[in-house]
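In: All I have is the shape, not the residue letters:
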Ligand code: KPL
């Protein structure tokens with residue numbers, strides 16, 4: 001029995017696996033390919049953890065599963081973990097945007113936790129990353145969860161803190177923080193793609209800043225229409241996170257530079273869809289969604305601004 005399995009060993013998965021292991025939990029990772037049983041994060045340290053592939057997953061029985069895949073790979077990862085016979089007492093969604101926590105809630109009723117991640121991380125390779133910017137992890141739930149899952153929320157946040165990452169369990173207050181992070185991602189991620197720049201462009205370039213402010217404010221208005229009271233002003237929060245993670249390239253820029261699909265459907269498209277469901281419109285988010293889908297094709301594989 002291991003305490004925690006992290007599924008996915010990209011930028012965020014690497015940081016979280018390492019911090020949980022340094023924080024004293026027994027950790028294993030499930031990745032696309034078998035690794036050298038080592039997780040390395042520049043700016044945090046390195047450690048030995050078993051890195052498995054799905055065909056070996058039935059040999060372990062995790063208490064907690066943390067899904068750190070891309071949002072569009074989550075369903076496949078959930079199905080693989082069910083096939084492996086895992087029966088964890090808590091599962092955690094680390095994905096950006098809307099839809100992933102909802103998916104875990106439907107597959108693992110009463111056991112699904114969500115997380116809001118605001119540190120910047122750059123993928124250097126499988127289970128290798130660079131921590132590029134301070135930030136934190138907030139864990140909590142949206143729909144009521146069983147006591148084992150509540151305990152997992154506390155256990156994970158304490159271990160992350162011991163491992164060097166600021167983290168807190170916010171209990172049932174996750175939803176406003178999740179929407180605040182959605183406002184941040186809806187602003188920073190598409191604008192850094194349009195400007196093909198590190199996150200700091202959002203505070204340093206007046207055009208980028210104006211676009212990002214309009215996006216964050218619009219997402220904030222959609223949250224308000226849903227009756228969600230954001231804990232901070234969404235525009236100030238987007239600028240604060242852009243400043244703190246200024247050296248980082250957003251996950252969307254990293255995805256395009258690696259020739260991969262982005263998570264724009266779960267971020268700006270999800271905001272625009274939510275607005276329409278309420279008889280509103282979200283033209284900035286809609287435009288950002290279409291623009292990023294276009295640029296996904298035309299910029300695929302372009303050298304990342306973080307490599308220059
Ligand atoms: O979540 C991020 C992302 O890039 O997806 C931020 C916090 C904006 C860091 O880059």
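Out: Received it, and whenever you're ready, just let me know what you need. It should be emphasised that the depicted structure is a prediction, and the values quoted were computed from it without experimental measurement. Numbering: from 1, shown residues only.
In: only C-alpha atoms for contact and neighbour calcs from this point on.
Out: Will do.
In: Can you tell me, leaving aside adjacent residues, what's nearest to residue 118?
Out: Closest residue in space to residue 118, ignoring its immediate chain neighbours: residue 135 at 4.7 Å, by CA to CA, 6 or more residues apart in numbering.
In: the strands in this structure, which residues?
Out: Defined through DSSP state E, the strands belonging to the chain, from first to last, are 4-7, 27-30, 38-42, 45-48, 51-52, 64-67, 90-93, 112-117, 121-125, 128-131, 136-140, 166-171.
In: Please identify which of those strands is closest to residue 223.
Out: Across the strands of the chain, the minimum distance to residue 223, taken as CA to CA, is reached by strand 112-117, at 15.9 Å.
In: residues from the stretch 101-250 of the chain in reach of the ligand?
Out: Within the stretch 101-250 of the chain, the positions adjacent to the ligand are 118, 119, 120, 185, 188, 245, 248, 249, 250 by CA under 6 Å from any ligand atom.
In: okay, the strands of the chain in JSON lines with mean neighbour count and mean pLDDT next?
Out: What follows is those, written out as JSON lines (neighbours: other CA atoms under 10 Å; pLDDT from 0 to 100):
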{"stretch": "strand 4-7", "mean neighbour count": "26", "mean pLDDT": "98"}
{"stretch": "strand 27-30", "mean neighbour count": "25", "mean pLDDT": "97"}
{"stretch": "strand 38-42", "mean neighbour count": "21", "mean pLDDT": "96"}
{"stretch": "strand 45-48", "mean neighbour count": "16", "mean pLDDT": "96"}
{"stretch": "strand 51-52", "mean neighbour count": "24", "mean pLDDT": "96"}
{"stretch": "strand 64-67", "mean neighbour count": "26", "mean pLDDT": "98"}
{"stretch": "strand 90-93", "mean neighbour count": "27", "mean pLDDT": "98"}
{"stretch": "strand 112-117", "mean neighbour count": "26", "mean pLDDT": "98"}
{"stretch": "strand 121-125", "mean neighbour count": "20", "mean pLDDT": "93"}
{"stretch": "strand 128-131", "mean neighbour count": "22", "mean pLDDT": "95"}
{"stretch": "strand 136-140", "mean neighbour count": "23", "mean pLDDT": "97"}
{"stretch": "strand 166-171", "mean neighbour count": "20", "mean pLDDT": "98"}
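In: of those strands, which approaches residue 294 most closely?
Out: Checking those against residue 294 by CA to CA gives strand 121-125 as the closest, at 23.3 Å.
In: report the angle between the axes of that closest one and strand 38-42?
Out: Compare the direction of strand 121-125 with that of strand 38-42 by axes from the mean of the first three to the mean of the last three CA atoms, to 10 degrees and you get 130 degrees.
In: what packs against strand 121-125?
Out: Contacts defined by 3 or more CA pairs under 8 Å, 6 or more residues apart in numbering; DSSP states H and E place strand 121-125 against helix 11-22, strand 128-131, helix 251-257.
In: mind checking which of these is nearest residue 42?
Out: Distances from residue 42 to each of the helices and strands packed on strand 121-125 were compared by CA to CA, and the smallest falls on strand 128-131, at 4.5 Å.
In: so residue 274 makes contact with residue 221?
Out: No - in terms of CA atoms under 8 Å, residue 274 does not count as a neighbour of residue 221; the distance is 11.0 Å.
In: one step back: now the strands of the chain in JSON lines, with distance to residue 179?
Out: Converted to JSON lines, the strands of the chain look like this (distance: least, CA to CA, whole Å):
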{"stretch": "strand 4-7", "distance to residue 179": "24"}
{"stretch": "strand 27-30", "distance to residue 179": "28"}
{"stretch": "strand 38-42", "distance to residue 179": "28"}
{"stretch": "strand 45-48", "distance to residue 179": "31"}
{"stretch": "strand 51-52", "distance to residue 179": "33"}
{"stretch": "strand 64-67", "distance to residue 179": "19"}
{"stretch": "strand 90-93", "distance to residue 179": "15"}
{"stretch": "strand 112-117", "distance to residue 179": "9"}
{"stretch": "strand 121-125", "distance to residue 179": "20"}
{"stretch": "strand 128-131", "distance to residue 179": "24"}
{"stretch": "strand 136-140", "distance to residue 179": "12"}
{"stretch": "strand 166-171", "distance to residue 179": "14"}
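In: of all those, which lies closest to residue 266?
Out: Distances from residue 266 to each of these were compared using CA to CA; the minimum, 13.4 Å, belongs to strand 90-93.
In: Residues in contact with the closest one: which ones?
Out: The contact list for strand 90-93 (CA atoms under 8 Å, 6 or more residues apart in numbering) reads 63-68, 100-101, 104, 108, 111-115, 148-149, 152.
In: phi, psi of the closest residue to the ligand within the chain?
Out: Closest contact between the chain and the ligand, by CA to the nearest ligand atom, is at residue 250 (3.3 Å). Residue 250 adopts backbone torsions of phi -60, psi 160, taken as degrees, to the nearest 10.
In: That one: what's its closest spatial neighbour, skipping adjacent residues?
Out: Nearest non-adjacent residue to residue 250 (CA to CA, 6+ apart): residue 189, at 5.7 Å.
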